[in-house]
Structure formats: structure tokens, C-alpha cells
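[1] No letters, just coordinates:
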């Protein structure tokens, strides 16, 4: 392997918990280690993520993360003044780590790591920017796209939709998100009563949590034998009141909500999976449901149509009436149709979105940066 005297990947993670972007990278790490790479993680600490990585035996570095990209998050504890005071020490420590370890690749694992990626580049690091998001329009998006071009040797997007928002040029590498495929798919029930339909994801505007609740209310007027379930924690620290209101309304309608559970086991109790996102680059929860062979309904936004292509139902984003109609139609459809949908979804994951394919594509990206 032709690298900078090292096979080390310095992975910069912006999250405080084991969120989607982090989990996507971690599931590929064992296969990347088999290909000769070793990993050091730079994370916000103290944090749940720091502890989880240490428990898994990884080398973990970091400091309390003062970075914020909006006024709302800047005001979160410890507040703007203490954040500004902490920034020089935070970035200097990261720069020292880059110079000390001279990693083959600095893997900035989110668009929200662009500040750290810039510091790592100035410290001599070879940067791969892995964008798990849809880059927004406006001045912030323009600045992010320019910074990505200047800082990163490789820009990696998780879907064609994400790549288009990142700039749409041919230099952007697409490495699709992935999921493990269970040996045994779900058993599609011939005549479910109740028909169980649910969604998985953080309680947030982007995930359309409120759209799911509104659709449940509307669908319940048409059929009383549909049971609705939600799995997801309140993750929006800037607007916690919004998520609280959505959960209260869900519970008032009789929707079963849990923050955490074994998602794989929970999905096996369902008859359909729904993801009514407003913004979503390439959601892992959709892939997990498809890999189990569940019939799926997704919003026509971001990377979801790339996932559900010809194997599930699509509705317009922010359209609870349309979502309710699709749920009722699926609940009323034949066993044969639902079985065929689930089988097609599972085949699509096995053919396109496995962890093995993801790891091979990341390995190629690392070699392009390090070689």
C-alpha cells in the first residue's frame, strides 16, 4: 500500500451519539481493517460517542467541540462566549494530532466537519470529505461547496442526490450508504389485523415526524385496523419544544412511540415501513427495512427515490393526505402484492447497497487520497 508512511485513517466525527453518519462508517470499519487500514477517531468529548468508541477498543482523541454553524446552535450550552474562547485550543490540538500522526487520510465524516477538515488540511493532512447530507441552497451552501473543493482531495457523497447538491461535477465520488442483510427476511403476513405500520428516525422536521402523525390521524378515519408505531429520540437540541409537541400529539392519537429499541427486531413485527422525510440524503433506516423484505413507502425527496426505485411506493414530501392514502391502499392490498414488494426491496439492497460494496468503495477512495 503506497501511503504516507502510515496506513492510519484519522476519522473526524461531528456527532455526540452513535448517529446515522457515524454508524454508516463504523459498519464498514472491520472490512476496511481487513484491507490494511487502522483507525483513530477525533470526537467531541466527553460524549456518549467517545465512550462507545472506547468500549469498542478504538483509539479515540478529541476535546469538547465548540463548533457551531447557526445562531441557534451557537447559543446552546456552553454559550457563544465560551465557544469562541475554546475554539483556538480545540483546533490547535487537532492540528497537532495531524502533524504527530501524519495519517494517510483524514476522513471528515460529515459536511458538519468542514471546519475540522480545513484545519487538518492546513496542518498538512490529506482530506477526504464524506458528505452524508444534502448541501443547502443559499449562501451557506455556496460557502460549503467552495470549501469542499478547496480542502478535500476527494469529495464523497452518499447518493446521486447528495452529489448534485455538493456541486454535481464528475470529480465527486458516490459511495452509497449500506446496511447488513439478515439471512432471514420478515414473514409477510397474509391477513394482518391490525396492519402494523411504522417509521424510524430522530423526531425532527427533516424526518417528517409530524407528517407521519398527521397521516396516521387521516388514515385512521378510513380504517380502524391500522396500528401506527414510531421509533426515534428527540434529537433537535435547538428546538426541543417542537419534538415534544409531536410526541404528545402522537401519543394522544394512540401511536406507540419509543426512543430506543432493537430496530431489527421491532421491524419484524411490522407489515410496512414508512419514511416521510422532508430532507434525506440516503436514509439507513429505509435500507434496513428493505433488506428485511418489508413493503416500504418513502417520500419523493433527496436520495429516497434512488433507494425505492421500482420496489416501493413514493409520495410527495410534506403531504400527509397522500401518505395516508398510500398507507390505506397498501393495507388493503393483497398478500401477493405486498410479498412481491418486500422481495423486490430486499433484492435491491442485496444487489446495490451492501456493506461489502460500501467498504470496497471507501477503500478505493482512501487509496485515491493516500496514493
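    On my side now, so go ahead. None of the values given here were measured: they were computed from a predicted structure.
[2] for the chain, where's the lowest mean pLDDT among helices and strands?
    Using mean pLDDT, DSSP states H and E, helix 71-74 stands out as the lowest-scoring helix or strand of the chain, at a mean of 83.
[3] Which elements pack onto that one?
    If contacts are counted by 3 or more CB pairs under 8 Å, 6 or more residues apart in numbering; DSSP states H and E, helix 71-74 sits against no helix or strand. From N, CA and C alone the C-beta is placed, and that goes for glycine too.
[4] quick one: contacts of it?
    By CB atoms under 8 Å, 6 or more residues apart in numbering, the residues outside helix 71-74 that reach it are 68, 80, 83, 237, 238, 239.
[5] What is the most widely separated pair among those residues?
    83 and 239 (19.0 Å; CB to CB).
[6] Name the residue in those two with the higher neighbour count.
    More neighbours surround residue 83 than the other of residue 83 and residue 239, with 20 against 13 (other CB atoms under 10 Å).
[7] Return the residues in contact with the more buried one.
    With CB under 8 Å, 6+ apart, residue 83 has these contacts: 66, 67, 68, 74.
[8] Quick one: mean pLDDT for the helix or strand containing it?
    Assigned by DSSP states H and E, residue 83 falls within helix 80-101. For helix 80-101, mean pLDDT is 96.
[9] what's the answer for stretch 257-271, then?
    For stretch 257-271, the mean per-residue pLDDT is 97.
[10] and if you look at stretch 227-244?
    With pLDDT averaged residue by residue, stretch 227-244 scores 88.
[11] circling back to that earlier point, tell me how far the helix holding residue 83 lies from the chain's centre.
    Relative to the chain's own centre, helix 80-101 is displaced by 26 Å; criterion: CA atoms, centre = their mean, to the nearest Å.
[12] which of the contacts of residue 83 are buried?
    66, 67, 68 (16 or more other CB atoms under 10 Å).
[13] Ramachandran angles for the first one?
    Note on residue 66: backbone dihedrals following degrees, to the nearest 10 are phi -90, psi 0.
[14] the strands in the stretch 151-300 of the chain, which residues?
    If DSSP state E, counting those that start in this stretch is used as the criterion, the strands of the stretch 151-300 of the chain fall at 154-157, 173-174, 195-200, 226-231, 256-258, 272-275, 296-299.
[15] would you list those in TSV and tack on distance to residue 87?
    Putting those into TSV (distance: least, CB to CB, whole Å) gives the following:
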stretch	distance to residue 87
strand 154-157	25
strand 173-174	31
strand 195-200	35
strand 226-231	36
strand 256-258	37
strand 272-275	36
strand 296-299	37
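[16] can I get the ones you listed in a markdown table with mean neighbour count and distance to residue 312?
    As requested, the strands of the stretch 151-300 of the chain are exported to a markdown table (neighbours: other CB atoms under 10 Å; distance: least, CB to CB, whole Å):
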| stretch | mean neighbour count | distance to residue 312 |
| --- | --- | --- |
| strand 154-157 | 25 | 22 |
| strand 173-174 | 17 | 21 |
| strand 195-200 | 24 | 13 |
| strand 226-231 | 22 | 18 |
| strand 256-258 | 14 | 23 |
| strand 272-275 | 27 | 9 |
| strand 296-299 | 27 | 4 |
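[17] just to revisit the earlier point, from the contacts of helix 71-74, pick the one nearest residue 196.
    Proximity of those to residue 196, judged by CB to CB, is greatest for residue 239, which lies at 29.7 Å.
[18] Residue 204 versus that closest one, what's the distance?
    Between residue 239 and residue 204 the distance, using CB to CB, to the nearest Å, works out to 9 Å.
[19] Just put the contacts of helix 71-74 in CSV and tack on distance to residue 263.
    Converted to CSV, the contacts of helix 71-74 look like this (distance: CB to CB, whole Å):
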residue, distance to residue 263
68, 30
80, 36
83, 34
237, 22
238, 25
239, 24
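[20] from those, which is closest to residue 145?
    residue 68 (19.9 Å).
[21] Would you confirm that residue 283 contacts residue 201?
    Yes - counting by CB atoms under 8 Å, a contact exists between residue 283 and residue 201, whose distance comes to 7.0 Å.
[22] residues shared between the contacts of the two?
    When contacts are counted by CB under 8 Å, 6+ apart, residue 283 and residue 201 have 275, 277 as shared neighbours.
[23] Residue 334 and residue 94, how far apart?
    57 Å.
[24] do residue 123 as well
    When residue 123 is compared with residue 94 (using CB to CB), they lie 8 Å apart.
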